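> prediction below, plus the sequence it came from.
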Amino acid sequence: MLLMVGLFSCLSVKLIDLSILVLPIITKVDFVGFTGFDKYMESKLLLATEIAFLPAVACLLALVYECLSLEKILKKLIAENQNFACQLENGVYERTIELHKEIAERKRIQAELEKSLALQRATLESTTDGILVVDNQGNIADFNQKFVQMWQIPESSIDSRNFGQALRVIAKQLENPKKYLATVRKLHLQPDTNSDDAIALKDGSIFERHSEAQRLGGKIVGRVWSFRDVTAHKLAEATIRHQTLHDLLTDLPNRVLFNKRLCESLAQADRSGSELAVCFLDLDRFKIINDTLGHDIGDELLQSVVQRLKKCLRSVDTISRWGSDEFTILLPEVSDTKNVAHIQERILAAFKPGFDIKNHHLHVSVSIGTALYPMHGKDAKTLIKHAEAALYRVKSQGRNHYQFYHPEINSQASESLILENSLYYALERQEFRVFYQPQVNITTGEITKMEALLRWQHPKLGLIPPEKFIPIAEETGLIVPIGEWILRTACAQNKAWQDALSFPTLTVAVNLSARQFQQSNLLNLVSQILLETKLNSHCLELEITESIAMKNVALTKGILSKLCNMGVSISIDDFGTGYCSLSYLKNFPINCLKIDKSFVCDLTKENCQAAITTAIIALAHGLNLVVVAEGVETEEQRNVLRILECELMQGYLFSRPLSAEDATRLLRKSTTCRVSNSCLVAWC
């Protein structure tokens, strides 16, 4: 301030003569300029007081100027502060928006993460597999409730998160805990290894176990264990495998399994030098039982048969169901033929007592054919083929026996094939012949009926008996056209006898096969043939067996009723060998019963056969039926039958089956004298 005053003093003197007074303005130490006073336009000498005042004025002006400068600076600062505040506010706003966005994004990510975790947990809990996650330190990192339930893990083991405790609980429930623990140790030592296997529990359950390394960022952080209860699936698989290899009804091995075991046994026998046997079994007359009494009883009978067969065999033997009523048996490691024969005899004996099935006492026998390794074949196919050939030999010789294979059987099988092939052309080539066997009224000695019997005159094989080709004809269906030919030929022949020999009431009896009886055109066919041959319907008798009659009772009754309405007589053939009950018999419109020759054969002996024959005759008389006894060959049989009041008889005692020409001569002779068994035999 002194500086300012001094300066002003100096200037004042010099500026006295100036027209304007100029004062310097100094703020603190800075010179900022001058200020002038225009009232000093005139020359004036300043007073001392004025001179003293001028520094104060200068200071005041400097202060004012400084204040103005400060105000300017302040305004600038305020403006800058306002601008900064505005920028700050804008920045805060923008950052706040960004923060809100970041928070919202984090919340969204968190929500998605929670949703993902919830979905993951729901998925983990909804799976049917038991899941366990273990970290590298052996701690339980995660699990689902299915795992806890499957293994019945205590809460203490779960709460402790100790895998070792859970593992001990699991091991106690396993069939083979040592194997399982060894697997766990191996996987612990080889953490990069995946593993799958099935583990069996003591309670019979089966779990599939899968173990896989758990990775995070390419690094193994633990192991995932999954367990699936596949007990039902495995049981279903086992059931399917069992069913594909076993018969559903008897639960015996089927052909596939039998062949497999046979091949295995053959390989073993080849290595050890041992022998084995293959037996082929067939139930005799089973089809009759099945067709007559129904499949339910037939099925139960088969099951009972299987139980008896099993009791006859060793534990190492295999029995299989080969077909409907056919069985095969594998007898490995047999010492000799006698041993095999003993087993077969035991089987035959097991069938003698009969079977009680649903209030039916059934008798069924068995035929057995056997082939030996290596004597009769060295492979499965050959052994089975030869055993089957031996079986057919038994059946052709009367059944209910066993037969070892021998080479001659093949030639007989070849003969059967030749017969079958020739049979297709036999009718066309007129190779069949109808023979006739008389039925004699034992009281009057008259021939009242002629039974038509089929014979085959083969151009190379000669006269072939019916038991050799009828089964083939039945099987191939050729019996239908052959049967029609027999019926037409027999009716025409009977009409010729009636016209030529004055036998107006002579009846011809013709057998109907099962296939013929089932033909829908049977009634029309019979009516047409009667019309063509002009034979009175009362002079035709149709014979059916018990098994045919009982196959479909309602159908049988309907057909027989219509035949009776036409005037045709009906006879039940081979009565006593089937299963025709009295209640059905009395409801069938039949005229005659034919007693099977198997009963007549033992008639003179005191046994059950004689009692059955007596009962059959009494039954027939009670139902007003005519009785015909077949197979009468001796005087003793004739006398017993006469005492039992059997009206008609048929057999070698009276006549063998005759050709049409010989039968004509017999009938012509019987018109001139009363027929007796002695004269018939003499004539024959």
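Yes, it's here.
> thought residue 341 was touching residue 401?
No: between residue 341 and residue 401 there is no contact under C-beta atoms under 8 Å: 11.3 Å. Heads up, the C-betas are built off the backbone N, CA and C, glycines and all.
> compare those two (neighbour count), which wins?
A direct count of neighbours by other C-beta atoms under 10 Å for residue 341 and residue 401 places residue 401 higher, at 18 against 14.
> the more buried one contacts residue 394, correct?
Yes: in this structure, residue 401 is within contact of residue 394 by C-beta under 8 Å, at 5.2 Å.
> what do these two both touch?
367, 368 (C-beta atoms under 8 Å, 6 or more residues apart in numbering).
> which residue is the nearest non-sequential neighbour of residue 288?
Residue nearest to residue 288 in three dimensions, not counting chain neighbours: residue 547, with 4.2 Å by C-beta to C-beta, 6 or more residues apart in numbering.
> does that neighbour sit in a helix or strand, and which one?
Assigned by DSSP states H and E, residue 547 belongs to helix 546-551.
> quick one, strands of the stretch 251-400 of the chain?
275-283, 318-321, 326-334, 355-357, 360-362, 366-373 (DSSP state E, counting those that start in this stretch).
> now residue 567, what's its secondary structure?
Secondary structure assignment for residue 567 (DSSP: H, G, I helix; E, B strand; the rest coil): coil.
> confirm for me that it is in contact with residue 541.
No: applying C-beta under 8 Å, one finds residue 567 not in contact with residue 541, separated by 10.8 Å.
> below-threshold pLDDT in this structure: ranges please.
1-46, 50-51, 53-54, 57-58, 61-62, 410-415, 576-584, 606-609, 671-684 (pLDDT under 70).
> domains for it, by residue range?
For the chain, automatic domain parsing gives the domain ranges 2-90, 130-234, 246-406, 423-683.
> save the ones you listed as TSV, and put in distance to residue 105 too.
Listed next are these as TSV, based on distance: least, C-beta to C-beta, whole Å:
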stretch	distance to residue 105
domain 2-90	22
domain 130-234	24
domain 246-406	67
domain 423-683	85
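> so for residue 106, which of those sits nearest?
In terms of C-beta to C-beta, the element of those nearest to residue 106 is domain 130-234, at 22.7 Å.
> can you pull out the strands in the stretch 401-550 of the chain?
Using DSSP E, counting those that start in this stretch, strands in the stretch 401-550 of the chain cover 402-404, 432-441, 447-458, 462-464, 507-511, 540-545.
> show me what counts as buried in the longest one.
It refers to strand 447-458. Neighbour-count burial for strand 447-458 flags 447, 448, 449, 450, 451, 452, 453, 454, 455, 456, 458 (criterion: 16 or more other C-beta atoms under 10 Å).
> output the contacting helices and strands for the helix holding residue 547.
On a contact count with 3 or more C-beta pairs under 8 Å, 6 or more residues apart in numbering; DSSP states H and E, helix 546-551 meets helix 286-293, helix 514-517, helix 553-565, strand 569-575.
> again, only using 7 Å
Packing partners of helix 546-551 (3 or more C-beta pairs under 7 Å, 6 or more residues apart in numbering; DSSP states H and E): helix 286-293, strand 569-575.
> could you list the residues in contact with the first one?
I take that to be helix 286-293. Outside helix 286-293, the residues within contact range by C-beta atoms under 7 Å, 6 or more residues apart in numbering are 297, 298, 301, 325, 360, 362, 364, 547, 550, 551, 578, 579.
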